[in-house]
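Novice: take a look and give me a structure for this.
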Amino acid sequence: MADLAPTRAGDLRITTLAAQIRAAQAAQITAMAAWLHAWGQVTPPLTNGAGDGRALAAHGVEGHDMPGAGMPPMPPGAHGMMSHDAMNMLRTSTGRAFDRLFLTMTTEHHGGALDMAATELKDGTNAAARGLADDIRSTQASEITYMRDLVGQV
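Specialist: Just a heads-up that it's a prediction; the model follows:
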């Protein structure tokens, strides 16, 4: 979703937020891919065709820290995953319409990440994965607060 903002957003705050989200999630995805590789697991492609380039997060990698505990791809709606129809609506919108959809959809998506991070913090045993979950929890909770405030302004 964040990858769409540079060419579709109408408000500079959306473009800036999307760039921050992309940067943070790129580092998270790199860490998760490295863990999968180290554990001898298949690494999902770094794109899921939804336009957001975040397939590893979409596969729930951050919610599992044990080798072999991989999860199948999540269906739309699971842990904040967007449906193809919702992504198509975002892809075809621009300006204020894009901004509002982006904020609403990204807030929902972040909520799913918070759920997975909470599971990792509750049940996980790998210190690095728990550290990443804690980082995701604090970063994305802050972004959710910002997006909820911003949606009324765009």
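Novice: run through the neighbouring helices and strands of the helix or strand containing residue 122.
Specialist: Per DSSP states H and E, residue 122 falls inside helix 95-123. Judged by 3 or more CB pairs under 8 Å, 6 or more residues apart in numbering; DSSP states H and E, helix 95-123 is in contact with helix 5-8, helix 12-38, helix 84-91, helix 127-151. Quick note: C-beta positions are derived from backbone N, CA and C, even for glycine.
Novice: quick check: buried residues in that helix?
Specialist: Residues 98-103, 105-110, 112-114, 116-117, 119-120 are the ones in helix 95-123 that count as buried (16 or more other CB atoms under 10 Å).
Novice: now swap in stretch 123-136 and tell me
Specialist: Neighbour-count burial for stretch 123-136 [16+ other CB under 10 Å]: 124, 126, 129, 130, 132, 133, 135, 136.
Novice: now do the contacts for residue 37.
Specialist: residue 43 (CB atoms under 8 Å, 6 or more residues apart in numbering).
Novice: for residue 130, see how far away it is.
Specialist: 19 Å (CB to CB, to the nearest Å).
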